[in-house]
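S.K.: can't give you the sequence, but here's the structure:
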């Protein structure tokens, strides 16, 4: 039993090391698909917090700066799970700021993997897509901080204004992809500026990174 357990653990670590960005991307997509469906009741909020906690642990696992990522993830988990006890505005801002930092650390690792790869394989593609999705998540955290500090910074419905995270996550991705439905709007100058910066980041990310990946793929093909 001992050798078998050790073998399985080693195999699990190998898969995690080789496919960490594929697993991260899968967890991010699960988050985007499932969190809006969990409901606004206490049980739904608890399930959403648990799912998000698992994804945050995925951030820490995927990040190259593991010690830093694990520390930030640990702080986020503490802030998230003590929130029901009452943390006020400062606690909300700290939690969202910690998420933004963790997303940035993980994005750096994903971009490093995508831009330094000599051969473009499925893991590299997953790293590039995961970084793009993390941009949306990170900006959602920044928007939530702004809305918390300046209520009314975004034109939200009364229901969304009471718990703005899901609405601002949706706004972040429609902004990042330049889709812009227009149902949620930045209402103050700084919110408009942040939205413009996200649009620029999203546009140039796709143009530059996809060009880089195509170039790497073509160079690899020419050597064969």
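M.R.: Thanks, I have the structure now. These numbers were taken from a predicted model, which means no experiment stands behind them.

S.K.: next structured bit after whichever strand or helix holds residue 124?
M.R.: Counting by DSSP states H and E, the element that carries residue 124 is helix 122-149. Using DSSP H and E, the helix or strand that follows helix 122-149 in sequence is strand 154-155.

S.K.: that following strand pairs with which strands, and in what direction?
M.R.: strand 185-186 (antiparallel) (DSSP bridges).

S.K.: look up how far residue 140 lies from the residue most central in space within the chain.
M.R.: With distances taken as C-alpha atoms, centre = their mean, residue 134 lies nearest the centre of the chain, 3.2 Å away. In this structure, residue 134 and residue 140 are 10 Å apart, going by C-beta to C-beta, to the nearest Å. In short, each C-beta sits where N, CA and C put it, glycine included.

S.K.: just to revisit the earlier point, give me every residue that touches the residue nearest to the centre of the chain.
M.R.: Contact criterion C-beta atoms under 8 Å, 6 or more residues apart in numbering gives 28, 59, 103, 106-107, 110 as the residues in contact with residue 134.

S.K.: go again using 7 Å as the cut-off
M.R.: Under the criterion of C-beta atoms under 7 Å, 6 or more residues apart in numbering, the contact list for residue 134 reads 103, 106-107, 110.

S.K.: between the residues you listed, which is closest to residue 155?
M.R.: residue 103 (24.8 Å; C-beta to C-beta).

S.K.: dihedrals phi and psi, the closest one?
M.R.: Main-chain torsions, residue 103, degrees, to the nearest 10: phi -60, psi -40.

S.K.: so which residues of this structure form helices?
M.R.: Per DSSP state H, the chain carries helices over the ranges 2-18, 20-34, 42-62, 66-82, 88-116, 122-149, 158-162, 165-176, 189-222.

S.K.: and of the ones you listed, who's closest to residue 182?
M.R.: For the helices of the chain, distance to residue 182 was read as C-beta to C-beta. The smallest value, 8.8 Å, belongs to helix 165-176.

S.K.: and for the closest one, what's in contact with it?
M.R.: 35-36, 135-136, 139-140, 143-144, 147, 154, 156, 160, 180-181, 184, 195, 198-199, 202.

S.K.: alright, that wraps it up for me.
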